[in-house]
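with the sequence up front, the predicted model follows.
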Amino acid sequence: MAAGMASVLACSFGAAVAQDKSASPAPAAMPGIQGQNIMDVKPEASQDPGYLNQSNAERDKVQPGNNAPMWRAVGAGSEGYTSYPKADAPEAGVLVQPFVQYPGSRLTTAGEAWRQVRNQWIIPYGAALLSIALLALAIFYWTKGTIELHGKETGRKIERFTPFERAAHWSNAIAFVALAVSGLIIAFGKYFLLPVMGGTLYGWLTYALKNVHNFVGPLFVVSLVIVFFTFVKDNFPGRGDLMWLLRGGGMFGGKEVPSHRFNAGEKILFWSGVFFLGLIVTASGLVLDMLIPGLLYERATMQVAHMVHAVATLLMMALFLGHIYMGTLGMRGAYSAMREGYVDETWAKEHHEYWYDDVKAGKIAAQRSGHPASENSAGRARAA
Ligand code: HEM
C-alpha cells in the first residue's frame, strides 16, 4: 500500500518524490494513469541553444508534454481564442494581463503590479497620512483649544446659509461620511476589524459596505456638483486673501485677519478639496462603478481608476478632517451657522469682517431666504 502511494506521488510531484522510487520499487505499469516528471523527459533537449525560444509545437517535438512555452506566453499577456464577442468582452481571451510597471511597482504582470502598489504604498502610506492628520488636529486642539468669540453677542442675527445651501451642504457631508466610513473599512478593516469580528461577520460587513459605497457614490457626485455651484461665487480670490495667508489667518497670536464671506483657508479647501480632488475622486469613482457610458472597461482601466481613486480620496479625507474639525470643535459658532443658518453680528465681525461690513452697508442682505431666524434656532445658535 505504502509503495503504491509512493509511486502515485512520484507520478504527480516529480523529481523529489521520484527519488523515493529507488527506496521502494514501483509496481508494474498502472493502467489508465500516465504521468511523468517533465524534467525527466529527454533532459538533453534543453541543451539546444534555441531551447528557450521554441514554440509550444517545437517543444512538444523534443520534449513531449512540456507546455512551458505556452504558459510563458499566457503569463506575458498573449491572447487566446474565445467565443465571446470582442465588443462585449474585449479581454476575455487574455488570461493574464501583459507586463506593466505602475509607479511604485516592479515590472510584472499588471494584476501583480497593481497589488504591489496597493499593498506596499496606498495602504501603509494612506494609513500614515490619516493618522498624522488626526494627530496634528489633536495636538492643535490641545494646544489652542476652541476659537472663542471675544466680544459680547448682540442678539442680532445675519443669515449665513440659506436652507437650500444647508441642504446641499448636509446631503454632501452625509454622503461623504458614509463613503469615508465604508471606504476605510473596505481598505483597512482587515487589519483592525477582521481579527475581532472573524471572517464570516467581516465578510458580510464588507459586502454590505461595498454596496453602500457603490450606491452612495453617485449621490455624492450629484451633491458635490450642487455644493460647487452653490458656493463658487464666494470662493474666488479677493481682498484680504493674501494678507490672510501671509499671517496664517492671524491664528498664531494677534487678531483674526479680516476676510469676506469665506476666508483664504476656506477658499483653498474649496478649490483643492471640493473642485480639484472632488473632480478626480468622482470621475474615478464613476469609472469604478462602471457608469461612464462608452468607456472600455478592461482590467487595466479598473486598476488605474482604483489607484487614482484611492490616492485622491485619502488626500480628500485628510483635508476634510481639517474642515470637519474647524466646523465642529475648532470654532465656536461655526457648526450652528451650518445647522441653523444664522450667526450673531459679533461672530460675523470677528471672523469675516469684510462680509460683515458689506452686510451692514446693505450690499448683502442680512436675510436672504424667506425663513427668518426663529427664536428657537437663534437660542440654539447662541448656546452652541
Ligand atoms: C461631517 C462633515 C462636515 C461638517 C461638520 C462640516 C461643517 C461645515 C461648517 C460648519 C461650515 C460653515 C463654515 C463657515 O461658516 O465659514 C461648512 C462650510 C462648507 N463645507 Fe462643510 N462640513 C462637513 C463636510 C463637508 C464636505 C464633505 C464638503 C465637501 C466635499 C464640505 C464642503 C463645504 C463647503 C464648500 C462649505 C462652504 C465654505 C466654502 O465654500 O469654503 N463640507 N462646513
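Looks like it came in fine. Residues are numbered from 1 along each chain as shown.

relative to E298, how far out is V216?
Relative to E298, V216 is positioned 26 Å away (Cβ to Cβ, to the nearest Å). Where you see a C-beta, it was placed from the backbone N, CA and C, and this is true even at glycine.

look at these two and report which has more neighbours.
A direct count of neighbours by other Cβ atoms under 10 Å for V216 and E298 places V216 higher, at 19 against 15.

element containing the more buried one?
helix 199-231 (DSSP states H and E).

by contact count, what packs against that helix?
Applying 3 or more Cβ pairs under 8 Å, 6 or more residues apart in numbering; DSSP states H and E, we find helix 199-231 packed against helix 163-192, helix 278-288.

show me what counts as buried in the strand or helix carrying I123.
Using DSSP H and E, I123 sits in helix 123-144. Buried residues in helix 123-144, counted by 16 or more other Cβ atoms under 10 Å: I123, G126, A127, L130, A133, L137, F140.

which residue packs closest to the fifth one, ignoring adjacent ones?
Right, the one you point to is A133. A318 (4.2 Å; Cβ to Cβ, 6 or more residues apart in numbering).

what about the one you found, which SS state?
helix (DSSP: H, G, I helix; E, B strand; the rest coil).

that one touches A128, doesn't it?
No. When contacts are counted by Cβ atoms under 8 Å, A318 is not listed as touching A128 (10.4 Å).

on that earlier part again, what about whichever helix or strand comes after the helix holding I123 and the ligand, any contact?
Downstream of helix 123-144, the next assigned helix or strand under DSSP H and E is strand 157-159. No. Applying Cβ under 6 Å from any ligand atom, one finds strand 157-159 out of contact with the ligand, separated by at least 11.0 Å.

name the helices or strands packed onto strand 157-159?
Judged by 3+ Cβ pairs under 8 Å, 6+ apart, the packing partners of strand 157-159 are strand 342-344, helix 345-351.

let's go with 7 Å and repeat that
Helices and strands touching strand 157-159, by 3 or more Cβ pairs under 7 Å, 6 or more residues apart in numbering; DSSP states H and E, are strand 342-344.

separation between the closest residue to the ligand within the stretch 201-350 of the chain and W170?
Closest residue of the stretch 201-350 of the chain to the ligand, Cβ to the nearest ligand atom: G327 (2.8 Å). Separation of G327 from W170 (Cβ to Cβ) stands at 11 Å.

looking at these two, which is more packed in?
Taking other Cβ under 10 Å, G327 and W170 do not tie; G327 has more neighbours (17 against 14).

was I right about the more buried one contacting M338?
Yes. The pair G327 / M338 is scored as a contact, 6.5 Å apart, by Cβ atoms under 7 Å.

for the stretch 101-250 of the chain, what lies in contact range of the ligand?
Residues of the stretch 101-250 of the chain lying near the ligand (Cβ under 6 Å from any ligand atom): R160, H169, N172, A173, F176, V177, L224, V227, F231, N235.

what about 5 Å?
Residues of the stretch 101-250 of the chain lying close to the ligand by Cβ under 5 Å from any ligand atom are A173, F176, F231.

who wins for most neighbours among those?
Most neighbours among these, by other Cβ under 10 Å: F176, with 22 neighbours.

isn't it right up against F220?
Yes. Counting by Cβ under 7 Å, F176 does reach F220; the two are 6.2 Å apart.
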